[in-house]
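>>> My questions concern the predicted model and sequence given below.
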Amino acid sequence: MLSEKDLIGTWRLVSHHYLRGDGSVSEGPMGASADGLLIYQADGYMAASVMRTGESDEAPATYLGSADDYLGYSGRWWVRGEDGVVVHDVVIGSHPRVVRTKQEREVHVTDFGVSLRRPMEGEFRYVVMDWRRVTPG
């Protein structure tokens, strides 16, 4: 059974993609080379940051990005019961639509780290973020 101890620490984004019901994948909302950090602290606080990386053909060198290039939030977190779900109780965020919401993610422990999945309706069954633990040093 998943516990908070399994998640405490810092994680680096490995992959961010959509998963269809047939198992096929498509590029996620932050592009093929998205980057991010996910931090779970033992005191029950967390922070998540995900951004689009790479050059844009459309943007001048002085372009600072847009709200669609970055998503970040922080707040409290916990593992809910036996169903393998982590809950992020968002206190502050880069998008007002996530502030004061509870973001629930299915957690799947994998050989390389953890996979967090948010169920969707429509063409895609999940939006998936795969994370590997950051080692000190």
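Yep, that arrived.
>>> Can you report how many residues neighbour Leu7?
21 (other Cβ atoms under 10 Å). All C-beta spots, glycine's among them, are computed from the backbone N, C-alpha and C.
>>> Also Gly113?
16.
>>> which residues touch it?
Residues near Gly113 by Cβ atoms under 8 Å, 6 or more residues apart in numbering: 11, 14, 130-133.
>>> So what does it look like in phi/psi?
phi 170, psi -120 (degrees, to the nearest 10).
>>> Which pLDDT value goes with the closest residue to Val114 other than its chain neighbours?
Spatial nearest neighbour of Val114, excluding adjacent residues (Cβ to Cβ, 6 or more residues apart in numbering): Trp131 at 5.3 Å. We have a pLDDT of 98 for Trp131.
>>> With Ser66 instead?
Confidence score, pLDDT, at Ser66: 63.
>>> by contact count, what packs against the helix or strand encompassing Leu37?
Per DSSP states H and E: Leu37 is located in strand 35-40. Applying 3 or more Cβ pairs under 8 Å, 6 or more residues apart in numbering; DSSP states H and E, one finds that strand 35-40 contacts strand 9-20, strand 45-51, strand 124-133.
>>> which outside residues touch the next helix or strand after the longest one?
What it means is strand 9-20. Elements were assigned by DSSP H and E; along the chain past strand 9-20, the next helix or strand is strand 25-27. Contact partners of strand 25-27, identified using Cβ under 8 Å, 6+ apart, comprise 17-20, 124, 128.
>>> Would you format those residues as TSV with distance to Gly31 included?
Listed next are the contacts of strand 25-27 as TSV, based on distance: Cβ to Cβ, whole Å:
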residue	distance to Gly31
His17	10
Tyr18	12
Leu19	16
Arg20	18
Phe124	16
Val128	14
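>>> out of these, who has the most neighbours?
Most surrounded of the contacts of strand 25-27: other Cβ under 10 Å gives Val128, at 20 neighbours.
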